[in-house]
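Participant: After the sequence you'll find the predicted model.
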Amino acid sequence: MTFYRKTFIFGLALDAAIYASAAPFSEQALGTRGPAVLRQEPGVRAAAMGGAYVALADDATGAYWNPGALQETSGQDIVLSRSDSFSQTYNYLGYTRPVWWAKDRRTVGVSVGNVSYAPVDVVENLEPKGTERPQETVVGFTYAQPLASLSIGGTLKWVNQHADENAQSWAVDAGLFGKMYSGRGSWGVAMQNVGPGINQSGTKTGFPFVLRSGMAWRVFPSEPGGKRGLLLAGELDLPVDDTVRPRAGVEYEVRLKESLRASFRGGWRSTAGNIEEGELALGLGLTAGSARINYAYVPNQTLGATQWVDVGFHFGGVPLQQTERARKMAEAEVLLTEGRLTSAEEKLEELLRLSPRYPPARKQIQEVRRRFDQSVHPETLFILGQRAFAQGNYAEAVDYLSKLMITDPDHRTGKEMLEKAEKEVTRARMERVKKEMAAEKQKERSALIRQAETLSRQAQWRSALPAWRNVLAKDPANTHARAEVARAQTALYDQARSLETSEQFEKATDLYRFLDKDDPGYKDCAEKAERLANQTQVKNLQRAQEKYERGLLLLKENNVAEARRLFQQAVDLAPNNKTFQKALERTQ
């Protein structure tokens with residue numbers, strides 16, 4: 001008997017034990033124990049399927065139905081639900097998201113449920129004091145994680161009841177979830193509302209503890225690209241304040257477009273206190289991309305029909321590590337299918353370093369090692385290696401023939417074939433490396449060209465010129481780059497001439513020197529730079545002399561501070577002039 005079957009049977013046995021030990025309730029009290037907010041079942045999809053949801057809770061309502069099933073969510077999920085019945089309104093908000101922690105995927109969530117009643121009159125000492133709206137609120141924090149090949153989770157709940165006075169307490173839910181038959185079937189066991197009860201106005205009330213066990217089966221799944229899907233679900237609930245309550249549900253899904261699906265649902269659940277009578281439920285759902293909307297109609301013999309509507313959004317994705325784990329698992333399965341046992345084992349060991357407790361990988365690596373044990377006969381290894389070599393699968397041939405050399409080092413034909421296969425693998429690896437290097441160089445050249453072209457378009461010629469030089473260094477035969485170098489040189493030379501005409505000699509000199517350094521001997525840049533440098537020096541000396549003479553006049557007038565400033569400017573303009581330096585020193 002498999003582990004998940006044992007677990008499910010244990011859950012059913014535990015249900016029966018709790019049910020047998022439950023205290024009897026009067027017919028009027030059946031299904032009424034504890035705050036109503038703890039008995040409210042969120043989720044319109046679940047309501048339309050008769051509440052047979054403990055083995056299906058893969059959205060944000062799973063925090064209520066089965067915390068362990070939240071491991072099945074493929075991204076972040078949020079649900080907003082509302083229902084009105086009789087004199088009360090129920091609102092629910094749930095949010096879950098997957099996280100990667102301690103080398104495995106986990107799931108966390110938060111949920112809020114609120115029941116509000118119609119206003120009631122408040123009377124004290126026979127005098128009216130206005131009205132009050134009783135409310136009950138539950139806030140839950142959920143965590144789920146893998147447990148071997150199963151998933152386990154729990155929800156810690158804070159309960160608040162506001163009527164005559166505020167009362168608070170806490171409760172805990174827990175759930176276990178598993179799959180079977182390659183994922184077509186699933187099962188779940190959950191217990192809810194384990195806690196000390198709540199004390200309201202001096203009266204202590206126990207919580208509505210309940211055990212749920214259920215199974216679901218996908219008759220024909222709606223896979224990517226599929227047009228339809230049929231899902232059946234059944235559940236057995238054992239409340240501590242009621243008789244056993246079976247539930248059943250069905251869902252038929254039709255894919256209208258690539259990202260548009262419609263669902264038709266129906267369900268049945270027994271009524272409180274009577275296992276032989278029940279209530280039918282009907283519902284519709286529409287999913288468009290990441291958004292969904294659901295509707296359910298649930299009749300009730302006591303409170304009348306209830307109409308539920310909720311909206312949900314699924315966004316984001318699984319953690320990157322989980323995606324990487326799935327990719328490595330798929331690669332390992334391909335390698336195993338191809339018979340490349342050594343490569344498959346290496347890939348699985350790499351995967352287990354990422355996620356050591358991942359059950360499929362641990363199971364698969366056991367299968368690989370079992371096949372290793374069956375493939376150690378030298379003649380079998382030689383035949384497999386010879387076949388792989390003939391098919392051109394040289395890496396696979398090396399795999400088999402290497403193991404052959406371990407088991408039979410004197411196998412001459414196998415040794416010769418192994419050497420040839422290793423040479424072919426090395427040659428293929430070198431060719432692959434060459435192609436990768438060529439692609440990397442081309443990528444680098446393309447990036448340099450894009451950068452240089454951007455600078456040219458922006459007329460940033462001083463930056464564009466060395467950028468095009470870098471392109472030529474990587475690709476000397478690039479005629480376009482040569483033309484762009486010439487264009488940048490011409491533009492910079494024209495700028496230098498314009499600066500020279502406007503007597504901005506220092507800037508013009510700098511550009512001429514830049515061009516001469518880039519391409520020594522380019523036009524007359526060196527001569528012009530030298531001539532302008534001399535002109536600039538003469539001009540600076542004249543300006544410095546003027547400032548020096550003005551400083552002397554100010555010094556005679558005892559305006560030492562202003563004289564010092566002028567002497568400093570003279571020194572800045574002619575740093576090598578000792579006369580200016582001595583004058584500055586006299587004013588220190």
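Facilitator: Sure, I can see it.

Participant: Put the alpha carbons of stretch 186-205 into CSV.
Facilitator: Provided in CSV are the C-alpha atoms of stretch 186-205 (Å, rounded to 0.1, in the frame of the first residue of the first chain):
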residue,chain,number,x,y,z
SER,A,186,-5.7,14.1,-5.8
TRP,A,187,-6.8,13.8,-2.2
GLY,A,188,-6.9,16.0,0.9
VAL,A,189,-7.4,15.7,4.6
ALA,A,190,-7.9,18.8,6.8
MET,A,191,-9.0,19.7,10.3
GLN,A,192,-10.4,23.1,11.2
ASN,A,193,-11.0,25.4,14.1
VAL,A,194,-8.8,23.7,16.8
GLY,A,195,-8.8,26.2,19.6
PRO,A,196,-9.9,27.1,23.1
GLY,A,197,-13.3,28.6,22.1
ILE,A,198,-14.5,32.1,22.7
ASN,A,199,-15.9,33.9,25.8
GLN,A,200,-18.7,36.4,25.0
SER,A,201,-20.5,38.1,27.9
GLY,A,202,-19.4,35.5,30.4
THR,A,203,-20.6,32.6,28.3
LYS,A,204,-17.9,30.4,26.7
THR,A,205,-18.6,28.8,23.4
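
Participant: Tell me the buried residues in that stretch?
Facilitator: Buried positions in stretch 186-205, judged by neighbour count with 16 or more other C-beta atoms under 10 Å: 186-193, 195, 197-198, 200, 205. (C-beta placed from N, C-alpha, C; glycine too.)

Participant: per-residue pLDDT, residue 141?
Facilitator: pLDDT recorded at residue 141 is 97.

Participant: How about residue 224?
Facilitator: 48.

Participant: just residue 86 next, same as before
Facilitator: pLDDT for residue 86: 66.

Participant: what sits up against stretch 100-110?
Facilitator: Under the criterion C-beta atoms under 8 Å, 6 or more residues apart in numbering, residues 60, 62-63, 67, 70-71, 73, 94-99, 139-146, 153, 318-322, 325, 354-358 lie in contact with stretch 100-110.

Participant: Tell me the buried residues within the residues you listed.
Facilitator: Here, 16+ other C-beta under 10 Å leaves 60, 62-63, 67, 70-71, 73, 94-98, 140, 142-146, 153, 318-319, 321-322, 325, 354-355, 358 buried among these.

Participant: what helix or strand is residue 190 on?
Facilitator: Using DSSP states H and E, residue 190 maps to strand 185-194.

Participant: Could you spell out the sheet neighbours of the next helix-or-strand element following that strand, each with its direction?
Facilitator: Using DSSP H and E, the helix or strand that follows strand 185-194 in sequence is strand 198-200. Using DSSP bridges, the strands paired with strand 198-200 are strand 203-205 (antiparallel).

Participant: which other helices and strands contact whatever helix or strand comes next after the strand it pairs with?
Facilitator: Following strand 203-205 in sequence order, the next helix or strand is strand 210-220 (DSSP H and E). Applying 3 or more C-beta pairs under 8 Å, 6 or more residues apart in numbering; DSSP states H and E, we find strand 210-220 packed against helix 3-21, strand 185-194, strand 228-239.
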